[in-house]
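In: structure for the following, please:
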Amino acid sequence: MQAGADRAGMSLAGFLAYSGMAMARDQSRTAAAIATERDVLTELFAMRRQLGWAGSNLNQAAKALNSGGDVPHLAEVIADVQRAANAVKTAADRVANREAGRAS
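Out: Sure thing, here's the model as predicted:
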């Protein structure tokens with residue numbers, strides 16, 4: 001998602017909002033297709049929040065480590081970031097597969 005936003009010269013939030021509005025303007029799609037896209041968009045927004053939280057936790061861990069502190073739950077923080085990244089990849093794959101199906 002970030003790569004798409006970068007290519008469009010937009011923030012990630014702006015890119016997601018623009019994408020959502022573009023989907024809403026396309027009146028040629030079926031209700032089922034729109035519902036599926038709304039589900040994916042909702043999922044992407046949720047994952048964006050999850051990545052933000054995980055990134056914040058990772059930044060706090062890095063700060064503690066750089067200050068000579070100990071981070072007893074570092075493995076859990078890294079696992080949270082990995083789970084969030086995997087969730088984003090799964091959602092992006094869903095979008096890409098749907099787009100590929102339309103192009104056929």
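In: helix, strand or coil for residue 69?
Out: coil (DSSP: H, G, I helix; E, B strand; the rest coil).
In: and it, how close does it get to residue 61?
Out: Using C-beta to C-beta, to the nearest Å, one obtains 9 Å as the distance from residue 69 to residue 61. Yep, even glycine has a C-beta here, placed from its N, CA and C like the rest.
In: swap in residue 91?
Out: Residue 91 is 25 Å from residue 61, by C-beta to C-beta.
In: swap in residue 85?
Out: Distance from residue 85 to residue 61, by C-beta to C-beta: 16 Å.
In: neighbour count for these two, which is higher?
Out: Each of residue 85 and residue 61 has its neighbours counted (other C-beta atoms under 10 Å); residue 61 has more, 19 against 14.
In: where along the chain do the helices fall?
Out: With DSSP state H, the ranges of helices along the chain come out as 2-8, 12-25, 31-66, 74-103.
In: in JSON lines: those helices, plus mean pLDDT.
Out: Converted to JSON lines, the helices of the chain look like this (pLDDT from 0 to 100):
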{"stretch": "helix 2-8", "mean pLDDT": "76"}
{"stretch": "helix 12-25", "mean pLDDT": "75"}
{"stretch": "helix 31-66", "mean pLDDT": "77"}
{"stretch": "helix 74-103", "mean pLDDT": "77"}
